[in-house]
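> Quick one, fold the following:
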Amino acid sequence: MSHHHRPRTAFPRALVGLLLAAAVTACGASLAPSVAPSQQVAAPSLDGFDVAARGAYQEAMCPIFNAILVIDPRLKELREAGAAGGDVSTQAGELDAVIADLLMTLNDLDDVPEWSFGDELRFNLVNALHAIRTHLLGVAEDPSHRTAAETLAATPFIATEAMDRSMARAVEAGLSCEVTE
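Modelled structure (predicted):
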């Protein structure tokens, strides 16, 4: 029995493609919600209320996506430090900083308004970020512990198949973040 699994090395490719920000974010650009509604959404699928809800959701989520695009490479670096083995206590400062940034992002997710096409995406993000933060808190508790490097290397990824599916659903319903400079 063969299972095809996509590599889970970064935040979902659909999001990175959606945001068109992988390179631009590094140059100091920020993400802002799209002003124009997406043309991809079939008119019968969204009524006026849904369009307004999508707009409010989008306005709250686009900055969160930007924050995640900044956090994800930092998580990768922490995983790599763990995979290198040895004493990861030198990572204590970065661990604390990432844990704090994850908490801020989780708090921001609490404030995202409901939108039926995006609620599952928000739920999956909350679950993923909470699991990562909890995992990192365990490492930060004693970064000199003999298993800290192994535990750090096993830090969960933000990307999941459920996240990809919920992102696709939200994008199909018109979620769009454009890069602004």
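> Please, where are all the helices along the protein?
Taking DSSP state H as the criterion, the chain contains helices spanning 13-19, 22-26, 48-83, 92-110, 119-141, 148-153, 161-172.
> possible to save the ones you listed as CSV with mean pLDDT?
Shown next, in CSV, are the helices of the chain (pLDDT from 0 to 100):
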stretch, mean pLDDT
helix 13-19, 45
helix 22-26, 30
helix 48-83, 93
helix 92-110, 97
helix 119-141, 97
helix 148-153, 97
helix 161-172, 93
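> any idea how far the residue positioned nearest the centre of the chain is from Leu75?
Nearest to the geometric centre of the chain sits Ile68, at 4.3 Å (CA atoms, centre = their mean). With distances taken as CB to CB, to the nearest Å, Ile68 is found 10 Å from Leu75. C-beta: built from backbone N, CA, C; applies to glycine.
> Repeat that for Met167.
18 Å.
> Looking at the two, which one has more neighbours?
Met167 (25 against 20; other CB atoms under 10 Å).
> quick one: the more buried one and Pro113, what's the gap?
In terms of CB to CB, Met167 sits 18 Å off from Pro113.
> quick one: common contacting residues for Ile68 and Leu75?
Common neighbours of Ile68 and Leu75, using CB atoms under 8 Å, 6 or more residues apart in numbering, are Ile158.
> most packed of the helices of the chain?
helix 148-153 (a mean of 20; mean count of other CB atoms under 10 Å).
> Just the CA atoms of it, as PDB, please.
Taking C-alpha atoms only, helix 148-153 is exported to PDB below (Å, rounded to 0.1, in the frame of the first residue of the first chain):
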ATOM      1  CA  ALA A 148      15.700  18.700  24.500                       C
ATOM      2  CA  ALA A 149      17.500  18.600  21.100                       C
ATOM      3  CA  GLU A 150      15.500  15.600  19.900                       C
ATOM      4  CA  THR A 151      12.300  17.200  21.200                       C
ATOM      5  CA  LEU A 152      13.100  20.500  19.500                       C
ATOM      6  CA  ALA A 153      13.800  18.700  16.200                       C
END
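> counting contacts, what elements does that helix pack onto?
Helix 148-153 sits against helix 48-83, helix 119-141, with contacts defined as 3 or more CB pairs under 8 Å, 6 or more residues apart in numbering; DSSP states H and E.
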